[in-house]
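J.: 3D, please:
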Amino acid sequence: MLEVMRFIMENKKDSQANKKYYEIRKRYLAEALSFLGFRYFKFTNDGNIIYNFKDTENFRSALTQLNILKSTYGRKDTD
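T.: Numbering: from 1, shown residues only. Next up is the predicted model:
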């Protein structure tokens, strides 16, 4: 709980400056990043679940590679 409170306070300080956290609203994307070893904090905002990750160069690289993987091998139909 203390870690979550520390996260909230850090996030409040940085909300106007450069953001240190990246918000994701898609559960499966957040779980895929978690599988790769990136820890997230989960919040509910007006009924929507938001997953926050530390925004690092390594995180952005993993996110980019996952999006490339999805566009290459992901389902194309929308059934």
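
J.: now do the longest helix seen in the chain, average pLDDT.
T.: In the chain, taking DSSP state H as the definition, the longest helix is helix 57-73. In this model, helix 57-73 has a mean pLDDT of 94.

J.: contacts for that helix?
T.: Helix 57-73 has contacts (Cβ atoms under 8 Å, 6 or more residues apart in numbering) with 22, 29, 32-33, 36, 38, 53. Yep, even glycine has a C-beta here, placed from its N, CA and C like the rest.

J.: reformat those residues as CSV; add distance to residue 60, pLDDT and secondary structure.
T.: As requested, the contacts of helix 57-73 are arranged in CSV below (distance: Cβ to Cβ, whole Å; pLDDT from 0 to 100; DSSP: H, G, I helix; E, B strand; the rest coil):
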residue, distance to residue 60, pLDDT, secondary structure
22, 8, 95, strand
29, 13, 96, helix
32, 15, 97, helix
33, 11, 97, helix
36, 13, 97, coil
38, 11, 97, coil
53, 10, 97, strand
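
J.: and these, which of them are buried?
T.: Buried members of those, counted by 16 or more other Cβ atoms under 10 Å: 22, 32-33, 38, 53.

J.: and the two most separated of those?
T.: 22 and 32 (13.9 Å; Cβ to Cβ).

J.: picking that back up, distance to residue 63 added to the contacts of helix 57-73, as JSON lines?
T.: Below are the contacts of helix 57-73 laid out as JSON lines (distance: Cβ to Cβ, whole Å):
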{"residue": "22", "distance to residue 63": "8"}
{"residue": "29", "distance to residue 63": "8"}
{"residue": "32", "distance to residue 63": "9"}
{"residue": "33", "distance to residue 63": "7"}
{"residue": "36", "distance to residue 63": "10"}
{"residue": "38", "distance to residue 63": "9"}
{"residue": "53", "distance to residue 63": "8"}
